[in-house]
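Novice: Sequence plus the predicted model coming up.
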Amino acid sequence: MALKSKDFIAIEFTAKLKDGDIFDSNVKKDLAKAGIQGNLKPFVFALGEGMFLKGVEEFLIGKEVGEYTIELSPEKAFGKRDPKLIQMIPLKEFRSQQVNPIPGQVFNFDGKLAKILTVSGGRVMVDFNNPIAGKDVVYEIKILEEIKDLNKKVEAMIDFFFRQDFKFNIEGKELNLEVIKGFGRFAELFKEKFKKLLDLNLKVSEIEEKEEVKTEERSKEKPKSE
């Protein structure tokens, strides 16, 4: 059956540049080949909802369970490079954070990844473009299955939006979600998403975060007999 927007699917994928260099995957052999780390679990998401690369989602709508190779231009992938995203930052800004910038390094600036291009004369040239911007990419996608189970759909959304393993239960049209104290207001921002995709009314409750009790095992030496 052809897949539609809002259908949940589980996929294995490997993303490459045109020259074959792998930059993302959830396939063990491909991650090992590229020497990068990644999540080995199948990725579960809803089609057409911005949970994966837009160009890939658009391609998969109308397809069926199976394997596909998708070639994307920069416009359909990570966009063209924008010269305005290359900026000069005073070296003292790095020094104040006790950081010594070196060309080629990648830093996180308030949630945005940026690459150091040059360091000269007290100034640092920083590139805020996505590292894959301006490049043609190839995605090898294996659609493992369409997800029908409601609980698995909820688990996928919790993992995607919150990056946490929160407890939940479903009663009729209500989704009762337990989150750690202080996380409730953020979780409630996604009420419309759960309603739109799953037709569930999200009810959030906060619980105290349990502290892990660490026990140390101490070996006791038996007294030596004389």
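Specialist: Perfect, thanks for sending it.
Novice: drop to CA atoms for contacts and neighbour counts, all remaining ones
Specialist: Fine.
Novice: Verify the stated contact: Leu113 with Val106.
Specialist: Yes: using Cα atoms under 8 Å, Leu113 is in contact with Val106, at 6.6 Å.
Novice: since we're on Val154, how many residues are nearby?
Specialist: Neighbour count for Val154, taken as other Cα atoms under 10 Å: 19.
Novice: swap in Lys153?
Specialist: Using other Cα under 10 Å, Lys153 has 21 neighbouring residues.
Novice: what residues are up against it?
Specialist: Lys153 is in contact with 8, 44-45, 147, 198, counting by Cα atoms under 8 Å, 6 or more residues apart in numbering.
Novice: would it count as being in a helix?
Specialist: Yes: under DSSP: H, G, I helix; E, B strand; the rest coil, Lys153 falls within a helix.
Novice: State the distance from Phe162 to Gly48.
Specialist: In this view, Phe162 and Gly48 are 19 Å apart by Cα to Cα, to the nearest Å.
Novice: scratch that, Ile116 is what I was asking about
Specialist: Counting by Cα to Cα, the gap from Ile116 to Gly48 is 34 Å.
Novice: And for Met88?
Specialist: 37 Å.
Novice: more crowded one of these two?
Specialist: Counted by other Cα under 10 Å, Met88 and Gly48 do not tie: Gly48 has more neighbours, with 21 against 14.
Novice: Surely Glu12 is in contact with Asn39?
Specialist: No: using Cα under 8 Å as the test, Glu12 is too far from Asn39 to be in contact (10.4 Å).
Novice: Identify the contacts common to the two.
Specialist: With Cα under 8 Å, 6+ apart as the test, Glu12 and Asn39 both reach 25-26.
Novice: More neighbours: these two, which one.
Specialist: Counted by other Cα under 10 Å, Glu12 and Asn39 do not tie: Glu12 has more neighbours, with 18 against 12.
Novice: Who is that one paired with across the strands?
Specialist: Here Glu12 sits in beta bridges with Lys142, going by DSSP bridges.
Novice: List the residues that contact it.
Specialist: 25-27, 42-43, 141-144.
Novice: Let's see the pLDDT reported for Val44.
Specialist: Val44 is assigned a pLDDT of 98 by the prediction.
Novice: contacting residues around stretch 143-152?
Specialist: Against stretch 143-152 from outside (Cα under 8 Å, 6+ apart): 7-12, 44, 64-67, 153, 198.
Novice: Dump the contacts of Glu12 to a markdown table, plus distance to Gly79.
Specialist: Putting those into a markdown table (distance: Cα to Cα, whole Å) gives the following:
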| residue | distance to Gly79 |
| --- | --- |
| Ser25 | 20 |
| Asn26 | 23 |
| Val27 | 25 |
| Pro42 | 26 |
| Phe43 | 23 |
| Ile141 | 20 |
| Lys142 | 24 |
| Ile143 | 25 |
| Leu144 | 28 |
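Novice: Highest neighbour count among those residues?
Specialist: Neighbour max across those (other Cα under 10 Å) = Ser25, 24 neighbours.
Novice: could I have stretch 170-180 exported to CSV, CA atoms only?
Specialist: Coordinates of the C-alpha atoms in stretch 170-180 are reproduced here as CSV (Å, rounded to 0.1, in the frame of the first residue of the first chain):
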residue,chain,number,x,y,z
ILE,A,170,-3.3,6.0,26.7
GLU,A,171,-6.8,6.1,28.0
GLY,A,172,-9.3,6.6,25.2
LYS,A,173,-8.3,9.8,23.5
GLU,A,174,-6.1,11.0,26.3
LEU,A,175,-2.3,10.5,26.4
ASN,A,176,-1.0,10.8,29.9
LEU,A,177,2.7,11.7,30.0
GLU,A,178,4.9,11.8,33.0
VAL,A,179,7.9,14.1,32.7
ILE,A,180,10.6,15.2,35.2
